[in-house]
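Chemist: sequence? don't have it. structure:
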């Protein structure tokens, strides 16, 4: 839920980068009047700036002020195929893909506001190999890859049929396991697939897999065979999130360096169940865990700063099960959890209070804020309940007020603003 006032954003001691502090405050977006469910699994931003949020109870489209919900309708084959929207990708061409838990893959058609389904057909070996979709990924060529509970799939150029990559116990160069949890293509063109039985690298020319597995006798092997996240940082280093901690892969030696939880050291990883590894635009590395909240890794000291949920702190992380970390176009960092979404300002600027100050005509017109919107020019519009509309000047940090005036038919029609939106022509 959007918080009730801009006073929820606080002013801290000035430091060069506010997101390196161990004391961060998060805004929250939850199911209370907004999302279809607090258990948010994935999110992505489309070319129009809309945020798409996958939950266990449908797909949500958030425009900054309100949410439109898409759910399965049993009698409508053009509806979302299943309400558990687990994996989301917006392709280079702007197409939104949704992987569901039991309903296969969906492609969203903007023109018709409907969904096109790709599902398993037992009689068709070119169909999707399984309807439980764990991961969806678009490579640099624009090809869609789908990880399922029964193999890896590549959508062919015709957009209708799939090529399947399956585990074959008689072929050591096949996929190590058919439950595919994560997919990634690195800067060299190598494909990586994380499974329930190890990490795989795929040679795009030979289409053969190399396996990397956990070896209890080798401290430089993969830390665990459940591989949930794969990420390449700006230096070209491959990071791997597993159920046994975080690893970096060194291709020249094929060895892994492990980062794991130590209950006696608060600067280690908060939890070994690593679900998401993400590098933001400034090079900060964020690690989402299942039960340990969010971690930020300091490369210089090889230590972790932990961000956890606290029931007594309204501004703490929404929940400690972190499924996704995503940076929007304006630098906002979105963290999906089991208890809603937490939002951080990732632009490297300190947070400030903005409140109504009596006698100051340039302050916020009213403290009860129900709508926030940043238009394409970067202007921030603030809707209040009782104070009308505000336009915020980031340079001067002053507000311009637009209020209802009964003597002026061209003024605002009322002072309670519940939604703000910019259309394609630029009108607010």
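Modeler: Done, it's in. Remember, predicted model here, so these are calculated numbers, not experimental data.

Chemist: rest of the way, CA atoms for contacts and neighbours
Modeler: Fine.

Chemist: And the strands in the stretch 151-300 of the chain?
Modeler: Using DSSP state E, counting those that start in this stretch, the strands of the stretch 151-300 of the chain run over 151-155, 162-165, 180-185, 191-195, 198-202, 209-212, 227-232, 238-242, 245-250, 255-259, 274-279, 285-289, 294-298.

Chemist: I figured residue 247 hits residue 237, correct?
Modeler: No - Residue 247 is not in contact with residue 237 according to Cα atoms under 8 Å; the separation is 10.4 Å.

Chemist: out of those two, which sits in the more crowded spot?
Modeler: residue 247 (24 against 15; other Cα atoms under 10 Å).

Chemist: Not including adjacent chain positions, what is the nearest residue to the more buried one?
Modeler: Spatially, and ignoring its direct neighbours in sequence, residue 247 is nearest to residue 258 (4.5 Å; Cα to Cα, 6 or more residues apart in numbering).

Chemist: pLDDT score assigned to that neighbour?
Modeler: If you check residue 258, the pLDDT there is 98.

Chemist: same deal with residue 234?
Modeler: The pLDDT attached to residue 234 in the predicted structure is 93.

Chemist: likewise residue 309?
Modeler: In this model, residue 309 is scored at 89, pLDDT.

Chemist: begin at 53 from here
Modeler: Done: numbering now begins at 53, and the last item shifts to residue 361.

Chemist: Just list the residues touching it, thanks.
Modeler: Residue 361 makes contact with 345, 368, 369, 370, 371, 372, according to Cα atoms under 8 Å, 6 or more residues apart in numbering.

Chemist: my guess is residue 450 meets residue 444, correct?
Modeler: Yes - contact criterion Cα under 8 Å: residue 450 and residue 444 qualify, at 5.9 Å.

Chemist: Compare those two and say which is more crowded by neighbours.
Modeler: More neighbours surround residue 444 than the other of residue 450 and residue 444, with 21 against 17 (other Cα under 10 Å).

Chemist: and the closest residue to that one other than its chain neighbours, what is it in contact with?
Modeler: Spatial nearest neighbour of residue 444, excluding adjacent residues (Cα to Cα, 6+ apart): residue 451 at 4.6 Å. Residue 451 sits next to 413, 414, 415, 416, 417, 442, 443, 444, 445 when contact means Cα under 8 Å, 6+ apart.

Chemist: would JSON lines of the residues you listed with distance to residue 166, pLDDT and secondary structure be doable?
Modeler: What follows is these, written out as JSON lines (distance: Cα to Cα, whole Å; pLDDT from 0 to 100; DSSP: H, G, I helix; E, B strand; the rest coil):
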{"residue": "413", "distance to residue 166": "47", "pLDDT": "91", "secondary structure": "coil"}
{"residue": "414", "distance to residue 166": "45", "pLDDT": "90", "secondary structure": "coil"}
{"residue": "415", "distance to residue 166": "44", "pLDDT": "87", "secondary structure": "coil"}
{"residue": "416", "distance to residue 166": "40", "pLDDT": "84", "secondary structure": "coil"}
{"residue": "417", "distance to residue 166": "41", "pLDDT": "90", "secondary structure": "coil"}
{"residue": "442", "distance to residue 166": "36", "pLDDT": "89", "secondary structure": "strand"}
{"residue": "443", "distance to residue 166": "35", "pLDDT": "92", "secondary structure": "strand"}
{"residue": "444", "distance to residue 166": "37", "pLDDT": "85", "secondary structure": "strand"}
{"residue": "445", "distance to residue 166": "39", "pLDDT": "85", "secondary structure": "strand"}
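
Chemist: Can you flag the buried ones in those?
Modeler: Those of those that meet the buried threshold are 414, 415, 416, 417, 442, 443, 444, by 16 or more other Cα atoms under 10 Å.

Chemist: Quickly name whichever of the residues you listed is closest to residue 230.
Modeler: Nearest to residue 230 among the buried ones among the contacts of residue 451 is residue 444, at 52.1 Å by Cα to Cα.

Chemist: can you put the strands of the stretch 203-352 of the chain in JSON lines and add distance to residue 159?
Modeler: Output for the strands of the stretch 203-352 of the chain, formatted as JSON lines (distance: least, Cα to Cα, whole Å):
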{"stretch": "strand 203-207", "distance to residue 159": "12"}
{"stretch": "strand 214-217", "distance to residue 159": "15"}
{"stretch": "strand 232-237", "distance to residue 159": "19"}
{"stretch": "strand 243-247", "distance to residue 159": "22"}
{"stretch": "strand 250-254", "distance to residue 159": "26"}
{"stretch": "strand 261-264", "distance to residue 159": "29"}
{"stretch": "strand 279-284", "distance to residue 159": "23"}
{"stretch": "strand 290-294", "distance to residue 159": "28"}
{"stretch": "strand 297-302", "distance to residue 159": "32"}
{"stretch": "strand 307-311", "distance to residue 159": "37"}
{"stretch": "strand 326-331", "distance to residue 159": "24"}
{"stretch": "strand 337-341", "distance to residue 159": "27"}
{"stretch": "strand 346-350", "distance to residue 159": "31"}
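
Chemist: which stretch among the ones you listed comes nearest residue 395?
Modeler: Residue 395 sits nearest to strand 346-350 of all the strands of the stretch 203-352 of the chain, at 12.2 Å, using Cα to Cα.

Chemist: Just to check, residue 422 is in contact with residue 467?
Modeler: No - if you go by Cα under 8 Å, residue 422 and residue 467 don't touch, sitting 11.6 Å apart.

Chemist: what is in contact with the two at once?
Modeler: Contact criterion Cα under 8 Å, 6+ apart; residues shared by residue 422 and residue 467: 436, 437.

Chemist: More neighbours: the two, which one.
Modeler: A side-by-side neighbour count of residue 422 and residue 467, using other Cα under 10 Å, places residue 422 first with 21 against 18.

Chemist: What are the phi and psi values at the more buried one?
Modeler: For residue 422, the backbone dihedrals (degrees, to the nearest 10) come out as phi -120, psi -10.

Chemist: Just to check, the residue nearest to residue 299 is in contact with residue 270?
Modeler: No - Residue 310 is beyond contact range of residue 270, at 11.3 Å (criterion: Cα under 8 Å).

Chemist: Who has more neighbours out of these two?
Modeler: Legend: neighbour count by other Cα under 10 Å for residue 310 and residue 270, higher for residue 310 (18 against 11).
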